[in-house]
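my questions are about this predicted structure, shown below with the sequence.
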Amino acid sequence: MSSHGGAGNRPEEPTSYGLQPPARPAVPQQAPQPGRQQVPHPLSQAAPQQSPAHAPAPPHPSSAQARPHPHPPAQDAPHQPSAQDPGAGRLIAGRYRLLSRLGHGGMGTVWRAMDETVGREVAVKEPRLPDHLPEAEREKLYTRMRREATTAARTDHPAVVTVHDVAVVDGRPWIVMELVRGRSLGDVLQEGTLGPREAARIGLEVLGALEAVHAARILHRDVKPDNVLLGHHDRVVLTDFGIAQAEGDTSLTDTGAFVGSPEYVAPERVLGQRPGEASDLWSLGVVLYAATQGVSPFRRSNTPATLQAVLNSEPPAPAATSGPLAEVINGLLRKDPAHRLDHAGARRLLEAVLRPPAPPAPPRPVQQRTGGVWVPRKVLFGAVSGLLAAVLVAWLVIADPFGGTVPDDWKTHPQKALGVNVSVPAAYLVERPEDTDTDKDWVAFHDPSGAIRVRIDRYSQENSLDDVAASPDAQMHAENEEFRKSGEYDFRMPEDPATRPAPGLKHQDRPAAENTVSFESTDTQDPRPVELRFFYYENAEEQMYRVAIEYPGKGDVTERGREVAQKTIEALEFDPA
């Protein structure tokens, strides 16, 4: 049988291996997990910005994801291939119509396709190898791809990608998989880190997939964020078994080539020792570390340095991560596989992270002897409880003992030299001017990943941009004009960024002004949408302040950035006593 754009299969080869996925229960729709919070990579890193969740970005080449159709066509309607992808429209094995390319990598190209036999969309992995490879090497690599399919197809677990078929065209195996709509964990981590509960939830699902493949005596050998897909209904899928190794099968990996991603590879594999299940668990530990800290603890500027770090460097203690999650990360990253945390230990600790805290024990009733009779104290004081409640409410309104808008998990940083108290989340790190800096009238704070940054500058009349009227509103408009003229004023802005001024405000009974600026960063190494909220204030001594809160303009962390900006501004205390 011929396919469009290519010759038919050789007579001795079947069109399809006829693989059928194991029966699986439907994945129930779940409510969003509580405590999920994402914070992006440090701003100094070149992290490409992803699209919003309702329009997922193109996935990693090895993943079987796609942008979902907003209006799926009827089964009997013709499916139009994308004209932008050469090869789109080709029919594979007489049933799989290629629609658009999802991504490509060293081992092949992943296509979104339509199975015209059953009328469903699938992901099809097309093998692509360099033309100069010897025929024997090409056959080995094709065998590896077939093994990827059979490895996943015989593993019965919802967190392992489902393989529907293997179609052979011109001797090449095309792997037909389920289409997982969503993004890879690697894509998500380009925008931000995960909260402990979300990291534990994803880690637990990946652990379940590893338990399933290890029970089948198969090693994955490339567990990393790009191979973890986050689908709809909170589904987590481990994919890309292209370098997976069945126990006892070493013929495809004894050629001296390094297989896997260096920063996620276990020390024993770096040393050339025979890997076991503990090697995959090490990789899971690195994934959990990267998910909560924003970067692998072993990443270096080149592969040899990274492998050296894997062998000899102890990872820094995970910041803002404690309890069972820190324990499971440290346990999985033990250099000696014999002392590494096993499946059961990792599962116990990850489940402990997700377990809700036990409710406090109810207080024991207190009794008091009155007139020779023991009565509950709440009865004794019931007559005056209404009066006490009224007095308490009045005191709370007048005294405001809880510090106004500062949340419990925030910290106030008095800045005596600047004359301001700044409140930010307690985990934020502080930046101060160096001794060599000529401008020392500023302080900054940022979250551990560097995604959200708060900076407070105090201007004098000499360095204010406005030479006519020193007021917060005039300062704001003068800076807006500077943005439009230069397009590069401090924040990598393009010309004429979108602004939303809010003049005429008051803070501490004095005039203030606000301005929100949205733009696409002009930094060629780090192009991404940015949102900046500016706050201007002038104290009684005519000292002008500007507060700038910078955070991603799109993505999962945007709302968190806006929340931090609002609360930081509300809690600012100028000229504290």
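Cool, the structure landed.

in the stretch 1-150 of the chain, where is pLDDT below threshold?
Residue ranges of the stretch 1-150 of the chain with pLDDT under 70: 1-84, 105-107, 148.

make it 90
Applying pLDDT under 90 to the stretch 1-150 of the chain flags the ranges 1-88, 101-110, 125-150.

mind giving me the domain split of the protein?
91-250+258-354, 367-399, 410-574 (automatic domain parsing).

please name the nearest non-neighbouring residue to residue 327.
Distances taken as C-beta to C-beta, 6 or more residues apart in numbering put residue 349 closest to residue 327, at 5.4 Å, once the chain neighbours are dropped. C-betas here are computed from N, CA, C, even on glycine.

for the host helix or strand of residue 206, name the packing helices and strands.
Here residue 206, judged by DSSP states H and E, is contained in helix 196-215. On a contact count with 3 or more C-beta pairs under 8 Å, 6 or more residues apart in numbering; DSSP states H and E, helix 196-215 meets strand 228-231, strand 236-238, helix 277-293, helix 323-332, helix 343-354.

would you mark the buried spots in the longest one?
Judged by neighbour count using 16 or more other C-beta atoms under 10 Å, the buried positions of helix 277-293 are 277-293.

tell me where the stretch 451-577 of the chain has strands.
Residue ranges of the strands in the stretch 451-577 of the chain, as given by DSSP state E, counting those that start in this stretch, are 453-459, 498-507, 510-520, 529-538, 544-552, 573-574.

the fifth one pairs with which strands, parallel or anti?
If you go by DSSP bridges, strand 544-552 pairs up with strand 453-459 (antiparallel), strand 529-538 (antiparallel).

pLDDT on that strand, on average?
Mean pLDDT, computed over strand 544-552, is 92.

and for the first one?
Per-residue pLDDT values over strand 453-459 give a mean of 91.

comparing the strands paired with strand 544-552, which comes out most buried?
Of all the strands paired with strand 544-552, strand 529-538 has the most neighbours on average by mean count of other C-beta atoms under 10 Å, namely a mean of 23.

before we move on, the earlier item: from the contact counts, what lies against the helix or strand that comes right after the helix holding residue 206?
Per DSSP H and E, the first helix or strand lying C-terminal to helix 196-215 is strand 218-219. Counting contacts by 3+ C-beta pairs under 8 Å, 6+ apart, strand 218-219 packs against strand 245-246, helix 277-293.

adding mean pLDDT, write these out as a markdown table.
A markdown table is the format used below for those (pLDDT from 0 to 100):
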| stretch | mean pLDDT |
| --- | --- |
| strand 245-246 | 56 |
| helix 277-293 | 95 |
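
out of those, which gets nearest to residue 472?
Residue 472 lies closest to helix 277-293 among these, at 38.2 Å (C-beta to C-beta).

okay if I get the helices and strands packed on strand 218-219 as CSV plus distance to residue 225?
Compiled in CSV, the helices and strands packed on strand 218-219 are given as follows (distance: least, C-beta to C-beta, whole Å):
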stretch, distance to residue 225
strand 245-246, 21
helix 277-293, 6
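
all the helices of this structure, residue numbers only.
Assigned by DSSP state H, the helices in the chain fall at 135-153, 185-191, 196-215, 267-270, 277-293, 303-312, 323-332, 343-354, 377-380, 382-399, 472-486, 558-571.

the strands of the stretch 451-577 of the chain into JSON lines, with extra columns for distance to residue 197?
Listed next are the strands of the stretch 451-577 of the chain as JSON lines, based on distance: least, C-beta to C-beta, whole Å:
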{"stretch": "strand 453-459", "distance to residue 197": "25"}
{"stretch": "strand 498-507", "distance to residue 197": "34"}
{"stretch": "strand 510-520", "distance to residue 197": "31"}
{"stretch": "strand 529-538", "distance to residue 197": "26"}
{"stretch": "strand 544-552", "distance to residue 197": "22"}
{"stretch": "strand 573-574", "distance to residue 197": "33"}
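
can you say which of those strands is nearest to residue 355?
Going by C-beta to C-beta, the one of the strands of the stretch 451-577 of the chain nearest residue 355 is strand 544-552, 31.7 Å.

pull out the buried positions in that closest one.
For strand 544-552, by 16+ other C-beta under 10 Å, it's 544-552.

tell me the one among those nearest to residue 136.
residue 552 (48.7 Å).

who's the closest one bridged to?
Beta-bridge partners, per DSSP bridges, of residue 552: residue 530.

kindly report the same for residue 519.
residue 530.

if we can go back for a sec, just the pLDDT for the residue nearest to residue 327.
At residue 349, pLDDT is 94.

check contacts around it.
Residue 349 sits next to 324-325, 327-328, 331, 341 when contact means C-beta atoms under 8 Å, 6 or more residues apart in numbering.
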